[in-house]
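A.B. asks: Attaching a predicted model along with its sequence, questions to come.
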Amino acid sequence: MGRKKQINLEKQSLMEKILLYLGGCADASFSYRFEKMFGITGRDIRALIKKDKKGFNQSITDLKKLKFIEKKKRYDGSVLISLTEKGKSRELKLRFKKLGRKKDKWDGKWRMVAFDVPEECKKARNALRYRLGLAGFFELQKSLFLYPYDCEKEIIGFVKLFKLEKFVRFALIDYIDNQERIKSFFRLKNQVVQAGKK
């Protein structure tokens, strides 16, 4: 891998870490002042700034150019960083991507996502299907998907962002018939877990 490509990947990784951190904040924002890191309570984001202040600042500039974040200077000299709607969408996409790489120990429960989204919300419906596919959900039926690991936060976050509360249901279920085929899809064959037990 060339040096330039490596730098670009590191830069992209830092931008993604910032977006994921912001998505995990209660109000999708945080404030900072480089000199004292004022207002930074999260250990992860403090570590990012300490490790590479210049890279962090450049990533903030790039994220602002991409319209993923808003940056506002406050009266006390600190800077408030918050996710835009576009940024929230990108952050959720990153979370769904991470779900696709998840390899936790299975607790024997299935997470079910069922939806009946009307044609006038076609764009949001397609976005939901795309993200479920990105995360590697099992399509049991056209609008019913299963996943073996915790994903409630990601699903609820997506539903709220796209205002689909009336059309999407999330459930945690202990058993479904023909689940051997689904276990095989997720490569859970060797994991023997009694239903209902964690």
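C.D. replies: Structure received.

A.B. asks: who's in contact with the host helix or strand of Ala127?
C.D. replies: In the assignment (DSSP states H and E), Ala127 maps to helix 122-135. Residues outside helix 122-135 that contact it (C-beta atoms under 8 Å, 6 or more residues apart in numbering) are 92-93, 96-97, 99-100, 113, 115, 117, 139, 145, 147, 151, 154, 158, 162-164, 168. All C-beta atoms are positioned from the backbone trio N, CA, C, and that covers glycine.

A.B. asks: are any of these buried, and which?
C.D. replies: 92-93, 96, 99, 113, 115, 117, 145, 147, 151, 154, 158, 162, 164, 168 (16 or more other C-beta atoms under 10 Å).

A.B. asks: picking that back up, tell me which residues in the helix holding Ala127 are buried?
C.D. replies: The neighbour-count check on helix 122-135 (16+ other C-beta under 10 Å) flags 124-125, 127-129, 131-132, 134-135 as buried.

A.B. asks: what residue ranges in this structure score low on pLDDT?
C.D. replies: Scanning the chain for pLDDT under 70 picks out 1-11, 26, 32-44, 189-198.

A.B. asks: Okay, helices next: where are they in the protein?
C.D. replies: In the chain, the helices defined using DSSP state H lie at 3-24, 43-51, 53-65, 85-99, 122-135, 152-161, 179-185.

A.B. asks: of the ones you listed, which approaches Leu172 most closely?
C.D. replies: helix 152-161 (8.0 Å; C-beta to C-beta).

A.B. asks: and that closest one with helix 122-135, angle?
C.D. replies: Put simply, helix 152-161 runs at 160 degrees to helix 122-135, going by axes from the mean of the first three to the mean of the last three C-alpha atoms, to 10 degrees.

A.B. asks: and helix 152-161, C-alpha only, in CSV?
C.D. replies: The C-alpha trace of helix 152-161 is given here as CSV (Å, rounded to 0.1, in the frame of the first residue of the first chain):
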residue,chain,number,x,y,z
GLU,A,152,-32.0,-2.2,18.5
LYS,A,153,-30.1,1.2,18.8
GLU,A,154,-29.3,1.2,15.1
ILE,A,155,-32.9,0.3,14.0
ILE,A,156,-34.5,2.8,16.3
GLY,A,157,-32.0,5.5,15.2
PHE,A,158,-32.8,4.8,11.6
VAL,A,159,-36.6,4.7,12.1
LYS,A,160,-36.5,8.1,14.0
LEU,A,161,-34.2,9.8,11.4
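
A.B. asks: Noted, bye for now.
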